[in-house]
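Colleague: Predicted model and sequence below, questions to follow.
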Amino acid sequence: MAFKNESDAKAYWKENLGLMLKLLVVWFIVSYGFGILLVDVLNEITFFGFKLGFWFAQQGSIITFIVLIFIYVRSMAKLDNKYEVHED
């Protein structure tokens, strides 16, 4: 990976870390917040016949994690193209 200059490299990594932080916050909220902290409140709602808190703890956090992986891949591809460090 070769950047044009040092400022591009710093900007690239700043955007990369910002993206990762945002995705990790979403994952934390879904897995810890919905699956553990708010489970009693969410269990009063049913989702496909299951209590919503249980669903988030068992399936929702996993599905969210997989979706976040695809979002990260797509976003990093755009970022790589923006800074012209993509693979041909």
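Modeller: On my side now, so go ahead.
Colleague: Any stretches of the protein with poor pLDDT?
Modeller: For the chain, the stretches flagged by pLDDT under 70 are 1.
Colleague: Spell out the residue ranges of the helices in it.
Modeller: 6-28, 39-42, 52-55, 61-82 (DSSP state H).
Colleague: what about the third one, distance to the chain center?
Modeller: This points to helix 52-55. 20 Å (Cα atoms, centre = their mean, to the nearest Å).
Colleague: now what about it, what contacts it?
Modeller: With contacts defined as Cβ atoms under 8 Å, 6 or more residues apart in numbering, helix 52-55 is touched by 34-35, 38-48. To be clear about C-beta, it is placed using only N, CA and C from the backbone, and glycine gets the same treatment.
Colleague: Which ChimeraX command selects the buried ones in the residues you listed?
Modeller: Only the buried members of the contacts of helix 52-55 enter the following ChimeraX selection, criterion being 16 or more other Cβ atoms under 10 Å:
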select :34,35,39,42,43
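Colleague: Determine which two of the contacts of helix 52-55 are furthest apart.
Modeller: Among the contacts of helix 52-55, the pair separated by the greatest distance (Cβ to Cβ) is 40 and 48, at 19.5 Å.
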